[in-house]
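Chemist: Pasting the sequence and the predicted coordinates here, then a few questions.
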2 protein chains.
Amino acid sequence: MDKPAARPKRTRIQREKRELIGEAALEVFSQHGFRGSTIDQIADAAGMSKPNLLYYFKNKEEIFATLIHRLMETWLAPLREMDAAGDPHTEIRSYIRRKIEMSRDFPRESRLFANEILQGAPRIFPLLEGELKELVDEKAAVIAEWMREGRLKKSDPYHFIFAIWATTQHYADFDVQVRAVLGEKRGGEGRFEDAARFLEGLFLA
Amino acid sequence: MDKPAARPKRTRIQREKRELIGEAALEVFSQHGFRGSTIDQIADAAGMSKPNLLYYFKNKEEIFATLIHRLMETWLAPLREMDAAGDPHTEIRSYIRRKIEMSRDFPRESRLFANEILQGAPRIFPLLEGELKELVDEKAAVIAEWMREGRLKKSDPYHFIFAIWATTQHYADFDVQVRAVLGEKRGGEGRFEDAARFLEGLFLA
DNA sequence: GCAATTTTTGACCGTTTGGACAAACGTTAA
DNA sequence: TTAACGTTTGTCCAAACGGTCAAAAATTGC
């Protein structure tokens, strides 16, 4: 209904190079934002010349759009996995764990996403209103049901989800600040484990 | 010890114009980030020409630096006000309230700050390690003491503070997303009040 | 082995941007 | 009135940037 999205047939090299460029672009974009990044920087990071890169992507905008759309899927996956038939505490705990793991393992993706939202989500607003809202509506209903059944402490399911997002992504997006405040001793690798434990206690009181 | 900071004597016009430029720069920088903003945009927003603006500020960097340093004070004020002698629940509740009010009333400041941290805090890292860390160390000790006395549910005081920061600032920084998900009905002005109530319940369980 | 196709490169272009500068304008106070 | 000082503007520049293009080089399919 939306778009046939006539999948362009790609050669092996095209697939590989687009992948390589995506990786390089993620590195650069997540550090400097869209406007702060240059095609030259990305080309450098990908080990190729600018015109060569532009042979694989029409322009800077298209690189960014491709990245962020791919990202959205990864990003929503953990929430999708939340199972209405499962045990509420187990489900919530797993969700928090997975989100913290994503902050630990994919901080660049998290920052790229944060950057886009901060700027007003110019490129993905339709997805927020559409796909994201639908998913959250669905899961909020699940949580609300759990609360009604007395299997989870009553509160606002939407703000409950927001709070999980905010706290878990904080450890990727505000990493510098977290490490600066925790200092040498507690700012090491263990901080994600500490965070996960704290958040489980907070949300599953 | 640090810098005599020989306060430059300014004329009335200089004070007024620098203020005007600061306001305009906040508007522009918070929307597009540092690299995404141009001096021309800021000059336009301030209703003056580019060379005129550069008569009041040496360069783009200095405008940004001035803004973000001024901002830090405002930002830390609510935490500073947390009183060790007060009632723990009242103090925490007030802190959350104040932070939510800041997200509602000064979203541009919040986004500017978030942007800076996201990029790795290139301009304010020393402040994070210094002033901010000291303040948090102090208040974390206060909270830890409250917990030891059994006047507040036990948890990690540092992550407790992080969680308050993350959740409250979320409503400024991720505003577009929050509104997109909540939709027409719940995404109106009332969302801050809803958030405040939810967060009080979450942190003061 | 060779022609067709895909990939890579260097040179180039128009625009945007941060910033410099000198000249003009306005204000103040002796 | 006038000299000194503060403010504003138009013009200009060099660098950075996004993107094009034609031609060279490499790869692929027969």
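Modeler: It's in.
Chemist: what's the angle from the longest helix anywhere in chain A to helix B:12-36?
Modeler: In chain A, with assignment by DSSP state H, the single longest helix is helix A:12-36. Relative orientation of helix A:12-36 versus helix B:12-36 (axes from the mean of the first three to the mean of the last three Cα atoms, to 10 degrees): 170 degrees.
Chemist: If we go by neighbour counts, what in helix A:12-36 is buried?
Modeler: Within helix A:12-36, the residues scored as buried using 16 or more other Cβ atoms under 10 Å in any protein chain shown are A:17-18, A:20-22, A:24-34, A:36. Glycine gets a C-beta too; all of them are placed from N, C-alpha and C.
Chemist: Give me the subset of those that also touch DNA strand C.
Modeler: Near DNA strand C, judged by Cβ under 7 Å from any atom of the strand, the entries from these are A:Lys17.
Chemist: Please enumerate residues in contact with the worst-scoring helix or strand of chain A on mean pLDDT?
Modeler: Sorting the helices and strands of chain A by mean pLDDT, DSSP states H and E puts helix A:12-36 at the bottom, at a mean of 92. With Cβ atoms under 8 Å, 6 or more residues apart in numbering or on different chains as the test, helix A:12-36 has contacts from A:10, A:37, A:41-43, A:45-48, A:53, A:56-57, A:60, A:63-64, A:66-67, A:70, A:107-109, A:111-112, A:115-116, A:119, B:32-36, B:115, B:118-120.
Chemist: Can stretch A:13-31 be said to contact DNA strand D?
Modeler: Yes - residues of stretch A:13-31 are located near DNA strand D by Cβ under 7 Å from any atom of the strand, namely A:Ile13.
Chemist: Output that stretch in CSV, but only the C-alpha positions, please.
Modeler: Extracted in CSV, the C-alpha atoms of stretch A:13-31 (Å, rounded to 0.1, in the frame of the first residue of the first chain):
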residue,chain,number,x,y,z
ILE,A,13,30.5,-5.0,-4.2
GLN,A,14,27.6,-2.6,-3.9
ARG,A,15,26.2,-4.4,-0.9
GLU,A,16,29.6,-4.6,0.8
LYS,A,17,30.5,-1.0,0.1
ARG,A,18,27.1,0.3,1.2
GLU,A,19,27.6,-1.7,4.4
LEU,A,20,31.1,-0.2,4.9
ILE,A,21,29.9,3.3,4.3
GLY,A,22,27.0,2.8,6.7
GLU,A,23,29.4,1.7,9.4
ALA,A,24,31.7,4.7,8.8
ALA,A,25,28.7,7.1,8.6
LEU,A,26,27.4,5.8,11.9
GLU,A,27,30.8,6.6,13.5
VAL,A,28,30.9,10.1,12.1
PHE,A,29,27.2,11.1,12.4
SER,A,30,26.9,9.9,16.0
GLN,A,31,29.8,12.0,17.0
